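S.K.: Coordinates for the following, if possible.
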Amino acid sequence: MASLSQRSVAGHRDAAPGLVLLIVCAGVVLASLDLFIVNVALPQMGRDFRLRGGGLGDLSWVLNAYAIVYAALLVMFGRIAERYRRERGFLIGVTLFVTASAACGTAGSLPMLVACRVVQAAGAALLTPTSLGLILASFPPERRHGAVRAWTAVGGLAAALGPVIGGLLVEAGWRWVFLVNVPIGAVALLVGARRLPRVPGHAVSRPDALGTLLLTGGVGLLSLGLVKGDSWGWGDARTIATLAAAAIAIALFAAHTVWHRNPLIDRALFKLGSFTGSSVVAILFSASFGAMLLSRVLWAQDVWHWTPAITGLSIAPGPLMVPVFSFLLAGRLTERLGAGRVIAIGSTIFAAGIAWWALAMGLRADYVSEMLGGMLLTGIGVGLTLPTLMATGASSLPPHAFATGSAALNMLRQVGLAIGVAVLIAVLGTPDSPARELDAYQRASWVIAAIALVGGIAGLVLLAVRRQAAPAALEPAPAWGFRTRSPGSAAGQGCGR
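M.R.: Residues are numbered from 1 along each chain as shown. The predicted structure is shown next:
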């Protein structure tokens, strides 16, 4: 029987898998880039909108609104996308994102800018799962792991390059950090509308309204409590109430997933060891990744008093390591050592880079001896770890859950980023002298390194596979299970259904 990709793209003359990967990666660059590109532009926004004292509390919602809505809508949109043609969902998501980006670039007030960021996040939440769904449907099973690794590496590189590109664009004006999305998105729309394969949806049930409400509310409240905890105070009644409400909503969602006839996320996905293990590692590693990037931006601008452009360029060596080690080394190591060991190695290298900063940082700027080594090591760690964990989790998904499962993995990454930023802010506090500021950043670095190491240990334990072979074929089974067909050994022996 032909595979899903063969059935869905047959007869489409321009539906080569490599072309699909190229088109959807352009869309993913947009969504990933905007997670971090705005950070270095906030001070200039405050001056332009004439906010008192820079208005960082109000300006933080330019970042928070995007992160909260993006994380909250990923799974819901991924589930909806299962029902309809994937290329249409992707193109609609890109259209929303590009339109909102143009509106952000012309916003005349802070409330308008925040509102446009919400629409931007909704577009990103739609194009992300549909893009990965297109890739998984277009590539044969034995090539999916490498395709997903490439997709993840491009997204990770775009996210890491956010401060670099943002710092350069801010020199021409903060509005360019949004307007730069328009030409990229326009090309993706033009080529995608003509060349993307027609990948039909599956006859799955509509998302349950209660499950959607619980998940969206839980993720939204968790993100709100984490990002506002420092300004409200971690012991403040508002923070406690918000986080408690988030915990209740998430617990109810978990119970709903276990017991409801039609849960938002098919509970059978968590019977897949690779998916469950990758989900746990995604939260931990993303937390350390998000905290690491923000700490470098804050250190360079607030302590060393560098301009946004110099700050962005100082970060560049790290992101440049990501595609090199992802494309040239991660796949080969995974085949020889297994995904768990590669994730453990990558996380350890990443933690070593952060430890470098903790030991070498000083109040007087010295880029080569204090910052460069750490940037190179963290970039290598990201290149080995992030693509491996995403490819391992996504390549184990059955065809009818490509969009939903990939959306769940990406949602957990966004939640991890929010947690990492909140932990960083909590550890840094508000030091009142240079010496205490140095001590706070050193302490924060050790905490970030510890989170990365815990993620590596989790990967080693939960994904303890000697070799990451091509994933087994998964087919829908009666009720809520999956039938698993082993690809068989070299001798042609394998497990029956």
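
S.K.: so where's this structure uncertain?
M.R.: 1-15, 51-57, 156, 160, 201-207, 227, 230, 400, 403, 465-497 (pLDDT under 70).

S.K.: which residue is nearest the centroid of it?
M.R.: Against the mean C-alpha coordinate of the chain, by Cα atoms, centre = their mean, the closest residue is Arg413 at 4.6 Å.

S.K.: Excluding sequence neighbours, find me the nearest residue to it.
M.R.: Ser286 (4.4 Å; Cβ to Cβ, 6 or more residues apart in numbering). In short, each C-beta sits where N, CA and C put it, glycine included.

S.K.: what's the one you found in contact with, if anything?
M.R.: By Cβ atoms under 8 Å, 6 or more residues apart in numbering, the contact set of Ser286 is Leu412, Arg413, Gln414, Val415, Gly416, Leu417, Gly420.

S.K.: please redo it, this time with the cut-off set to 6 Å
M.R.: Arg413, Gly416, Leu417 (Cβ atoms under 6 Å, 6 or more residues apart in numbering).

S.K.: what would the residues you listed look like in JSON lines with distance to Arg175?
M.R.: Formatted as JSON lines, the contacts of Ser286 follow (distance: Cβ to Cβ, whole Å):
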{"residue": "Arg413", "distance to Arg175": "28"}
{"residue": "Gly416", "distance to Arg175": "30"}
{"residue": "Leu417", "distance to Arg175": "24"}
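
S.K.: and these as CSV, adding secondary structure and distance to Phe350?
M.R.: Below are the contacts of Ser286 laid out as CSV (DSSP: H, G, I helix; E, B strand; the rest coil; distance: Cβ to Cβ, whole Å):
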residue, secondary structure, distance to Phe350
Arg413, helix, 15
Gly416, helix, 14
Leu417, helix, 15
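
S.K.: give me the number of residues near Ile165?
M.R.: Neighbourhood size, Ile165 [other Cβ atoms under 10 Å]: 20.

S.K.: no no, Gly362
M.R.: Counted with other Cβ under 10 Å, the neighbours of Gly362 add up to 11.

S.K.: One more: the one 4 residues further on?
M.R.: Other residues lying near Asp366 total 12 when counted by other Cβ under 10 Å.

S.K.: what's near enough to touch it?
M.R.: Per Cβ under 6 Å, 6+ apart, neighbours of Asp366: none.

S.K.: For it, give its distance to Leu313.
M.R.: Asp366 is 16 Å from Leu313, where distance means Cβ to Cβ, to the nearest Å.

S.K.: do the same with Pro263
M.R.: In terms of Cβ to Cβ, Pro263 sits 47 Å off from Leu313.

S.K.: what about those two, which has more around it?
M.R.: Pro263 (23 against 17).

S.K.: which secondary structure element contains the nearest residue to that one once chain neighbours are set aside?
M.R.: The spatially closest residue to Pro263, leaving aside those adjacent along the chain, is Thr257, at 4.3 Å (Cβ to Cβ, 6+ apart). Following DSSP states H and E, one finds Thr257 within helix 237-259.

S.K.: any residues touching that helix, and which ones?
M.R.: 211, 214-215, 217-218, 221-222, 224-225, 229, 232, 263, 265, 267.

S.K.: buried subset of those residues?
M.R.: Gly211, Leu214, Leu215, Gly217, Gly218, Leu221, Leu222, Leu224, Gly225, Gly229, Pro263, Ile265 (16 or more other Cβ atoms under 10 Å).

S.K.: Reformat the residues you listed as CSV; add distance to Gly155 and secondary structure.
M.R.: Output for the buried ones among the contacts of helix 237-259, formatted as CSV (distance: Cβ to Cβ, whole Å; DSSP: H, G, I helix; E, B strand; the rest coil):
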residue, distance to Gly155, secondary structure
Gly211, 27, helix
Leu214, 27, helix
Leu215, 22, helix
Gly217, 27, helix
Gly218, 24, helix
Leu221, 26, helix
Leu222, 22, helix
Leu224, 25, helix
Gly225, 26, helix
Gly229, 28, helix
Pro263, 27, coil
Ile265, 21, coil
